[in-house]
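> what shape does this take:
(2 chains)
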Amino acid sequence: MRVANKTVYDMVKFDLARINEELNKAARVVTTGKRITDLSDDPVRLSEALNIKSVLSNLEQLGRNINMGRSWLATSESALSQVQDLISGTKALCVQMVNGTINAEQRAIAAKTVQNTLDEIVSLANTEVNGQYVFAGWKTDTVPFGQDGTYHGDSHAFVVKIGNDTTVEVGSDGEAVFGTLFTTVSDLKDALEGNDVGGISAAMTNLDNDFNHITTKISGIGSKMLRMDMKERIFQDYTINSTERLSEIEDADMAAAIIELQSRQLVYQAALASSAMVMKLSLVDFLI
Amino acid sequence: MLAEFWNLWHDLTNLPAGASERTALYEHGILLSRQFNSLEAELTKLETDLTSAVDVGVGRINEITREIADINTKIVGIEAAKVANDLMDKRTSLVSGLSEYIDVKTFQQSNGSLTIITAKGCVLVQGNDSYDLEMGGVTGDRVTWQSSGNAYVDLTDYLTKGKLGGWLAMRDEVIAKYKLDLNALAKELIWAINHQHSQGVGLHLFEPGSTLTGTYQTSTDLDGLDFGSQIQFIADGFKLWIEDRTDPANPVMNSVSVDLSGLNGSSSLSDLATAINTGLTGVTVGVSGDAITFTAGSDYAFGFSDDTSNILGAIGVNTFFQGAGAGSMGVNTVLNEKDYIAAAQIQADGSYASGDNTNALAIADLQYTSTGISQWTCDRINGNTEGTVTTTIEHYYHSMVSSIGITSASISRGRGFNEVMVNKLGEIRDTISAVSLDEEMTNLIKFQHAYTAAAKLISVSDDMLDKLLSTK
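Take a look at the predicted model:
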């Protein structure tokens, strides 16, 4: 075939540009560490990568939600177990006070202790997380219990979202949680003040019932905590898997990328050398 | 952007009364809207840029065809006597320049003139005459050819080759598709969020004495609303809650169930206002500037719940976003007062509480919900066809990105292939017509030798003559 000079120059220009583009691409993979640097590099896997990224972002958010729920549950649990301690203490006091050797004056003093206990229970029942009352139902901005134990919250429960289709009640309807406790304690106080032994022993039975009632509530909270822990572990596994998958899609295999870059470099050098050689040659140079 | 938007709704469920959660959500809603706005603006700018490129291209084509017609005239004049090689070379190079821009077919006439036609058989050059292309159509972005008198042939959809074909395909097929898809995505996002948002209530009701104006307008009928097709004309349309605060110590919450069964798509906004107004105390519904208004009396506050008719979302009342597409999307200005972000819902007994996150949860759930979203196929010959894919909003967006990648990959591949083709063909042409220095040098030497030989002949004959003349 007849090869014109123009053809030689055109071919050199075209080939060098192409090789240079490939070299550049290989260099970009090495410098960014990413296999996909352009939308067009691998569109199908790119869409998968984007989906995984949004799953990861969602998982992270659900993790935050779980932590928020956990702090609600932990606060509720600690408040309730303190309430239980107070009930036990009050019951011990009752055992003492129901004794026939105790006189009215001593019972009146005990009544004061019971009043303090009641105040303490009310303040525990008004526990907050993040400025939100945990035992107020949805009325998380309203102090749920008055000094006498009257309830101002509502009968709903605050929920957090811990999965795509799972919510957990982490707040509570305070009235349902504390049941008759406030009545029991204030009745006990009245009985002590009134030196009413019958009333005191009735209160003992009631305190037992209230204690058991709160125990069931605490175990309810415990099982929710377990559920959250489980969810979190699942999410952690899922996060690790997704991150691995994402890295598989996106990240470059460095060894392969560097070898690729070197081979491109070699090709480019060879092309430059041969082009320089071919372009230099001309019959003109050999004629005087 | 989208993932973060959903996360902020989650954050709001964690602390529904939180001021910073509300502000973050509001600000991010604005950012997200701006992102959509600027994407749409960029696509539109690409379209205008391409149109002006086409315009310039048309100008260049007209110049070339005029020049060719001119050369035709000269060639016909000269050809009678001899072959006009130079002019024909020039014409060939002009034709090759022309075919860089547009589809051309050429026919050489017996008298040496060249006839050039383009798509749809429209003649660009015939004999001494050239026929111009023009930008025309309603918005001036179509390529037209004047056939006779004032009748124009619209060539836009039939130009497939050259720069013009490429630009037009890019504008009317590729960019047009992504613009339509982007708008479909924005529209779906706006509707999904708005529809759920309008079911809820903020931290407090809309205040006494305040006026709430719908964000969607129609000067004709309800079908004319951007989301008019979503409206269900049913008896229990929605509940309008009105709190009577005449006695501030004892506010009374009343609800009115609004009956829309008497209306249909051709009803006007005032018909709707009248229907809602029926039996209302304390709140007046009217129409102002083609939008609906709810105005509370001085002792009355109001809110909404249980909208099964979709009417609130359609008129843009108690909604999160405003606008109906990527370009017009924004956050409802009412939410400038962040307390109106509706995380809660009004209960059947009229109560609502700041710790209620029911509505925020429902909105956060929308990210997992698959809905039918329009997906477009744009073809210049067959027109734009609307299909539907059922997917989540986020996945739709991701597949859009991936589809852009696929298009761009196939364009690069096509370009690579065509470059090689052009190169190869050019090479073949050059083997015939281009200059090889080696060859020319060899020829040069050859002719030099011939010349030397001829000169030698002369000098020999000169010598001989000399000899002859000097013979005495």
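> what's the separation between A:Val129 and chain B?
Remark: distance between A:Val129 and chain B (C-beta to the nearest C-beta, to the nearest Å) = 10 Å. For every residue, glycine as well, the C-beta is placed using N, CA and C.
> burial count for that residue?
The number of residues packed near A:Val129 is 19, by other C-beta atoms under 10 Å in any protein chain shown.
> quick check: beta-bridge partners of it?
A:Val129 has these beta-bridge partners by DSSP bridges: A:Gln132.
> ok, it to A:Gly163 distance?
From A:Val129 across to A:Gly163, the span is 21 Å (C-beta to C-beta, to the nearest Å).
> likewise for B:Pro248?
Relative to A:Gly163, B:Pro248 is positioned 44 Å away (C-beta to C-beta).
> mind jotting down where the helices sit in the stretch 1-150 of chain B?
Counting by DSSP state H, counting those that start in this stretch, residue ranges of the helices within the stretch 1-150 of chain B are B:2-14, B:19-79, B:85-99.
> actually chain A, not the one I wrote
A:5-32, A:43-97, A:104-125, A:174-178, A:181-193, A:197-250, A:254-280 (DSSP state H).
> among the ones you listed, which is nearest B:Ser266?
Smallest distance to B:Ser266 across these (C-beta to C-beta): 42.0 Å, for helix A:43-97.
> the closest one near chain B at all?
Yes. Legend: contact between helix A:43-97 and chain B by C-beta under 8 Å from any C-beta of the partner chain is shown at A:43-44, A:46-47, A:50-51, A:53-54, A:57-58, A:60-62, A:64-65, A:68.
> can you flag the buried ones in these?
Using 16 or more other C-beta atoms under 10 Å in any protein chain shown as the burial test, those include A:43, A:46-47, A:50-51, A:53-54, A:57-58, A:61-62, A:65, A:68 as buried.
> check these and tell me the two furthest apart.
Using C-beta to C-beta, those span at most 37.7 Å, a distance reached by A:Pro43 and A:Met68.
> between the helices of chain A, which gets nearest to B:Leu312?
B:Leu312 lies closest to helix A:43-97 among these, at 28.1 Å (C-beta to C-beta).
> ok, the residue nearest the centre of chain B to A:Lys231 distance?
What sits nearest the mean C-alpha location of chain B, by C-alpha atoms, centre = their mean, is B:Lys179, with 3.2 Å. The gap separating B:Lys179 from A:Lys231 is 42 Å, by C-beta to C-beta.
> residue of the stretch 151-288 of chain A nearest chain B, please.
A:Leu283 (4.3 Å; C-beta to the nearest C-beta).
> burial measure for that residue, as a count.
With neighbours defined by other C-beta under 10 Å, the count for A:Leu283 comes to 15.
> so who does the closest residue in space to B:Leu263 that isn't next to it in sequence touch?
Spatial nearest neighbour of B:Leu263, excluding adjacent residues (C-beta to C-beta, 6 or more residues apart in numbering or on different chains): B:Phe233 at 5.2 Å. Applying C-beta atoms under 8 Å, 6 or more residues apart in numbering or on different chains, one finds that B:Phe233 lies in contact with B:Leu260, B:Ser261, B:Leu263, B:Asn264, B:Gly265, B:Ser309.
> let's see it at 6 Å
B:Phe233 is in contact with B:Leu260, B:Leu263, B:Asn264, counting by C-beta atoms under 6 Å, 6 or more residues apart in numbering or on different chains.
> returning to that earlier point: so B:Pro248 and A:Gly163 - more neighbours on which side?
Neighbours were counted for B:Pro248 and for A:Gly163 using other C-beta under 10 Å; A:Gly163 has more, 13 against 7.
> just the pLDDT at residue 79, thanks.
Because you didn't say which chain, this covers chain A. pLDDT, A:Ala79: 95.
> that's the wrong chain, I meant chain B
With respect to pLDDT, B:Glu79 scores 67.
> and if you look at A:Phe182?
pLDDT, the model's per-residue confidence, is 93 for A:Phe182.
> one more: B:Leu444?
As predicted, B:Leu444 sits at a pLDDT of 85.
> what strand or helix carries it?
Take DSSP states H and E as the rule and B:Leu444 turns out to sit in helix B:437-470.
> list the buried residues for that helix?
Neighbour-count burial for helix B:437-470, with 16+ other C-beta under 10 Å as criterion, is recorded at B:Leu437, B:Asp438, B:Met441.
> now tabulate those residues in JSON lines and tack on distance to chain A.
As requested, the buried residues of helix B:437-470 are exported to JSON lines (distance: C-beta to the nearest C-beta, whole Å):
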{"residue": "B:Leu437", "distance to chain A": "5"}
{"residue": "B:Asp438", "distance to chain A": "4"}
{"residue": "B:Met441", "distance to chain A": "4"}
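> closest one of those residues to B:Glu4?
B:Glu4 lies nearest to B:Leu437 out of those, by C-beta to C-beta, at 64.1 Å.
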